[in-house]
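J.: only geometry, no sequence info:
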């Protein structure tokens, strides 16, 4: 059974939690969209932040998501398409710094051997965080 003891926890989630068409399917009709995240964490252990690919949220918004979820909940914010598709990972120090400023508080919530927005390893390091 030693091999079983070494297995890491598998986290299951989706690419977001704010989907109106999930009302009555995942979310009970009695739950308002403003409380979807609190309900989501009762069903899943992680979420990919797909929205960050299109638009970086405010840092205060990301910090609010952290506060509204349990410590063992995992986040996986996608890297901005501006960095990956427009800048093509070249000369993107300033947008990468903004990304880490917004999502740096999630680093403890990423799990082991995980980078922000890249899989399996980030192009940019996590030094300084």
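T.: Yep, that arrived. For clarity, every value in this text was computed on a predicted model and none was experimentally measured.

J.: just give me the neighbour total for residue 25.
T.: Counted with other CB atoms under 10 Å, the neighbours of residue 25 add up to 9. Backbone N, C-alpha and C define where each C-beta goes, glycine included.

J.: mind telling me what element it is part of?
T.: Using DSSP states H and E, residue 25 sits within no helix or strand.

J.: now do it against residue 68, distance only.
T.: Residue 25 sits 22 Å away from residue 68 when distances are taken as CB to CB, to the nearest Å.

J.: could I get the buried residue list for the biggest helix by length in the chain?
T.: Counting residues, the longest helix found in the chain (DSSP state H) is helix 93-103. For helix 93-103, the neighbour count (16 or more other CB atoms under 10 Å) marks 95, 96, 98, 99, 100, 102, 103 as buried.

J.: could you do stretch 38-50 as well?
T.: Neighbour counts over stretch 38-50 (16+ other CB under 10 Å) mark 40, 41, 45, 46, 47, 48, 49 as buried.

J.: cool, and stretch 47-63?
T.: Using 16+ other CB under 10 Å as the test for burial, stretch 47-63 gives 47, 48, 49, 52, 53, 56, 57, 62, 63.
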